[in-house]
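S.K.: The amino acid sequence is not available; the structure is as follows:
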């Protein structure tokens, strides 16, 4: 696409100031309680952005580059082949959903060094189908990039989704992802196809089995110093072995360092208050072994202490956007207790 903010070039700075969106929009906020997604409609200009990374999904057109992060300059041949074949199968499934009158061929055009890179291109041809007269939509690679990003969002930061007539904007932390409505609708169509989801899962399963692959990333150009979309190894399982979804809800487990704001020093389901990655959350502590140690005086809890724990995060899927947002939390295991650092006077 154009050369404005978010354009992927070798000179692209890691952080830029985006142009604010002044169109009427719907803002999807993560729910504060319960497990029901909420939408707040506004006609006010969206403000408050300072410096964020902007990812424009529209840049993924008829080619993109796959980065295999990890050991430089080499990759296991089976990992490479399995990933490329699976991505190609996913492209074909996505194309079948949005371009019933066209066939697509996926070719590997180049391999690159550094973090190992493979450049692939889609070649579209008109099928011999008299009943398919729609214009070609060369969005299959955009669908892949958008789907992967949306399904590997980190659960440790709030997600805002803004929907307007032209695009869907996903905000998390310092990252802002702009998805054209055409691509957004194509993603919704593709994710209803089992073969599409299965193929993406196989691609991430292949790299997950290779211990030397630390990340899988996608970017429009071989010249990009930094890929636009990078999925760390810790997030592979969200696609390779996705949590079961029931009634548009799922749960994931994260290792978390939780700063204690309010402790409930009795067994039960009353909620403690924590700060996690700068976000205030409430969650019951369900680890009975932790309470056993506390009542045996092996652990003393004081204001300002922290715990390292396994945190179960319940998420709800917004039907309009397909985005999962956190709705409630549970501490299922306390791994360690960390006392607050204190300063003591020293006699001199």
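M.R.: Structure received. Bear in mind that the values here come from a model prediction, so they are computed numbers and not experimental data.
S.K.: For the rest of this, base every contact and every neighbour count on C-alpha atoms.
M.R.: Noted.
S.K.: can you map out the helices along the chain?
M.R.: 77-98, 140-150, 181-190, 194-208, 237-240, 288-295 (DSSP state H).
S.K.: any idea of the angle the first one forms with helix 194-208?
M.R.: If I follow you right, that is helix 77-98. 160 degrees (axes from the mean of the first three to the mean of the last three CA atoms, to 10 degrees).
S.K.: Surely residue 318 and residue 324 touch.
M.R.: Yes - between residue 318 and residue 324 there is a contact under CA atoms under 8 Å: 6.4 Å.
S.K.: Neighbour count: the two, which is higher?
M.R.: residue 324 (23 against 19; other CA atoms under 10 Å).
S.K.: Under the pLDDT cut-off, which ranges of the stretch 1-150 of the chain? List them.
M.R.: Scanning the stretch 1-150 of the chain for pLDDT under 70 picks out 1-52, 72-73, 113-115, 127-134.
S.K.: Check the gap between the nearest residue to residue 255 once chain neighbours are set aside and residue 286 for me.
M.R.: Using CA to CA, 6 or more residues apart in numbering and skipping residues adjacent in sequence, the residue nearest residue 255 is residue 310, 4.7 Å away. Distance of residue 310 to residue 286, given as CA to CA, to the nearest Å: 11 Å.
S.K.: Over to the one residue sitting closest to the centre of the chain: give its phi and psi.
M.R.: Centroid check for the chain by CA atoms, centre = their mean gives residue 153 as the closest residue, at 2.1 Å. Per-residue torsions, residue 153: phi -60, psi 130 (degrees, to the nearest 10).
S.K.: do you know how far it is from residue 301?
M.R.: Per CA to CA, residue 153 is found 33 Å from residue 301.
S.K.: Same question for residue 279.
M.R.: Counting by CA to CA, the separation of residue 279 from residue 301 is 21 Å.
S.K.: The two - which one has more neighbours?
M.R.: Shown here are residue 279 and residue 301; by other CA under 10 Å, residue 301 has more neighbours (17 against 11).
S.K.: re earlier: how many residues are close by the residue nearest to residue 255?
M.R.: Neighbours of residue 310 under the rule other CA under 10 Å: 19.
S.K.: for it, which residues make a bridge with it?
M.R.: Residue 310 has these beta-bridge partners by DSSP bridges: residue 255, residue 333.
S.K.: what distance separates stretch 202-219 from the middle of the whole chain?
M.R.: 15 Å (CA atoms, centre = their mean, to the nearest Å).
S.K.: What residues of it count as buried?
M.R.: Neighbour counts over stretch 202-219 (16 or more other CA atoms under 10 Å) mark 202-208, 212-219 as buried.
S.K.: same check, this time on stretch 169-182
M.R.: Of the residues in stretch 169-182, 169-172, 176-182 count as buried by neighbour count, 16+ other CA under 10 Å.
S.K.: Lowest-confidence entry in the residues you listed?
M.R.: Lowest-confidence member of the buried residues of stretch 169-182: residue 172, scoring 85 (pLDDT).
S.K.: In space, what's closest to it - neighbours in sequence excluded?
M.R.: Nearest to residue 172 is residue 159, by CA to CA, 6+ apart, at 4.8 Å.
S.K.: Touching, that neighbour and residue 170? I think so.
M.R.: Yes - applying CA under 8 Å, one finds residue 159 in contact with residue 170, separated by 7.0 Å.
S.K.: Strands of the stretch 201-348 of the chain, residue ranges please.
M.R.: For the stretch 201-348 of the chain, applying DSSP state E, counting those that start in this stretch gives strands covering 213-219, 229-232, 249-262, 271-276, 279-284, 306-317, 324-338.
S.K.: for the longest one, what is the average pLDDT?
M.R.: Looking at strand 324-338 alone, the average pLDDT works out to 90.
S.K.: Run a quick check on residue 111 versus residue 120, I expect a contact.
M.R.: No - shown here, residue 111 and residue 120 do not form a contact pair, counting by CA under 8 Å, at 9.2 Å.
S.K.: So for those two, which sits in the more crowded spot?
M.R.: residue 120 (22 against 15).
S.K.: OK, contacts around the more buried one?
M.R.: 63-66, 106-110 (CA atoms under 8 Å, 6 or more residues apart in numbering).
S.K.: Could you do residue 189 as well?
M.R.: 97-98.
S.K.: try it again with 7 Å
M.R.: residue 97 (CA atoms under 7 Å, 6 or more residues apart in numbering).
S.K.: now it: how far from residue 320?
M.R.: As judged by CA to CA, residue 189 and residue 320 stand 12 Å apart.
S.K.: now swap in residue 331 and tell me
M.R.: Residue 331 is 30 Å from residue 320, by CA to CA.
S.K.: and what of residue 169?
M.R.: Residue 169 is 13 Å from residue 320, where distance means CA to CA.
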